[in-house]
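>>> Give me coordinates for this.
(chains A and B)
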Amino acid sequence: MTFDAFDNWWWPFLFIVLAGWAMTYPWRALGVFLGGRIRDDSEILVLVRSVATALVAAVIGNLICFPSGPAAETTLILRIAAAGAGFAAYFFLGRMILLGVVVAEVVFGLGFYLGY
Amino acid sequence: MSSRSPYLQEDESPSGFAERRRWFLIGLSKAISVPGLILCTAHIGFAGLAQEAGVTMWQAVFMVPVVWALPAMVILLGTIMTGGGLFAAAFAVMLSSVRLAPMVMSLVPELRSGRSSRLVLYFLAHFVAVTSWVIAMETIRQVPKSLRTSYYFGLGSVLIAINMVVVGVVYVLAPSLPPLVVACLYLLTPMYFVTSLWGSARENAAYVAMALGLVLGPLLHRAIPGFDLLAAGLIGGGLAYLLHLVRRAPA
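Numbers count the residues shown, from 1 in each chain, chains lettered A, B, ... in the order given. Below is the predicted model:
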């Protein structure tokens, strides 16, 4: 049952509700339910957070390595260099997300313009 | 911090409708902030991705209020793009969203007051995502306890509304933008994730999990397409946790 499996207007929206809302909201509800019952530094939450973090990091890795659209015309080296420069700026210059994003974009934009 | 704030006297404030509305509006205004701006840039990137994934504008706009968790939305797009099925998408989204539970858990004690019903908390939990959570954790103690739910409702709902508009507008504009701009929009999403993920880490295991996930994702993408995210999460997260246990174990 893929996103375009059925030829009607509402299936994609149902797909979004089932794979999106129905898979995210229960975690939020669980948070309300457990709020005040489990300490948020308990061991099981370390494992839970680790899996979630690795999964989102995998998304980032895939976005950098397998881009789509015009970004796909750039070299992998440029994309890694831009992301690395942005992260370094974030890491060393006061942990400001906006600064990291701007530095990465400048490096990437210049590289794209120069044909890397 | 600001002990001169008149709002710190807990639960002494009136909580009539006018007062609730006032704090709702103050919550609204907090969306105009640096985290709020960054969230907009991330949604600009999302709109560009949605355009390339082949979903319609309304489907992309629909995802914003319904899912309201950017990593989950990007994973959804990724599955749609590669023709993955409902169950693969659902499972990956579910695993990626586990972090919402501990975020809500830590916010609930701040939001709750004697008067707020649990139903209100279950409703407000839908608005919890990285940005509204960060803003709330920073500012909520300046709000009288009995009015915090109104404040958070204002903050969360306006963030969703603004970003629905952003996604719709950027989706429509994207095809007419020069390739340089579209390429730069693409990079917004991974940069927002990589920095905010690092910033939200609570323990060293999260840094290890992040490094492993970054490498395992692309490696497994080639090896087991469709299950790459799940496998990277379970393997990377599992290894990070094992390392955490080994380090913590008494020598």
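>>> can you count the residues close to B:Glu19?
Residues near B:Glu19, counting by other CB atoms under 10 Å in any protein chain shown, number 15. Using the backbone N, CA and C atoms, a C-beta is placed for each residue, glycine as well.
>>> quick one: it and B:Val143 touch, right?
No. In this structure B:Glu19 lies outside contact range of B:Val143 using CB atoms under 8 Å: 11.1 Å.
>>> Identify the residues contacting A:Phe3.
A:Trp11, A:Pro12, A:Phe15, B:Val55, B:Thr79, B:Ile80, B:Gly83 (CB atoms under 8 Å, 6 or more residues apart in numbering or on different chains).
>>> Just give the number of residues close to the residue lying closest to the fourth one once chain neighbours are set aside.
Beyond its immediate neighbours in the sequence, the residue positioned closest to B:Val55 (CB to CB, 6 or more residues apart in numbering or on different chains) is B:Ile80, lying 6.3 Å away. Look at B:Ile80: counted by other CB under 10 Å, it has 22 neighbours.
>>> Which secondary structure elements does the one helix or strand B:Ile80 maps to sit against?
Taking DSSP states H and E as the criterion, B:Ile80 maps to helix B:70-81. The contact analysis (3 or more CB pairs under 8 Å, 6 or more residues apart in numbering or on different chains; DSSP states H and E) places helix B:70-81 against helix A:43-65, helix B:34-53, helix B:57-67, helix B:86-96, helix B:179-199.
>>> Adding distance to B:Arg247 and mean pLDDT, write those out as JSON lines.
Below are those laid out as JSON lines (distance: least, CB to CB, whole Å; pLDDT from 0 to 100):
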{"stretch": "helix A:43-65", "distance to B:Arg247": "11", "mean pLDDT": "85"}
{"stretch": "helix B:34-53", "distance to B:Arg247": "32", "mean pLDDT": "86"}
{"stretch": "helix B:57-67", "distance to B:Arg247": "35", "mean pLDDT": "96"}
{"stretch": "helix B:86-96", "distance to B:Arg247": "24", "mean pLDDT": "87"}
{"stretch": "helix B:179-199", "distance to B:Arg247": "20", "mean pLDDT": "87"}
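>>> among these, which is nearest B:Glu138?
helix B:34-53 (8.6 Å; CB to CB).
>>> Show me which residues of that closest one are buried.
For helix B:34-53, a neighbour-count test (16 or more other CB atoms under 10 Å in any protein chain shown) marks B:35-36, B:38-53 as buried.
>>> and what of stretch B:198-215?
For stretch B:198-215, a neighbour-count test (16+ other CB under 10 Å) marks B:Trp198, B:Ala201, B:Glu203, B:Ala205, B:Ala206, B:Val208, B:Ala209, B:Met210, B:Leu212, B:Gly213, B:Leu214 as buried.
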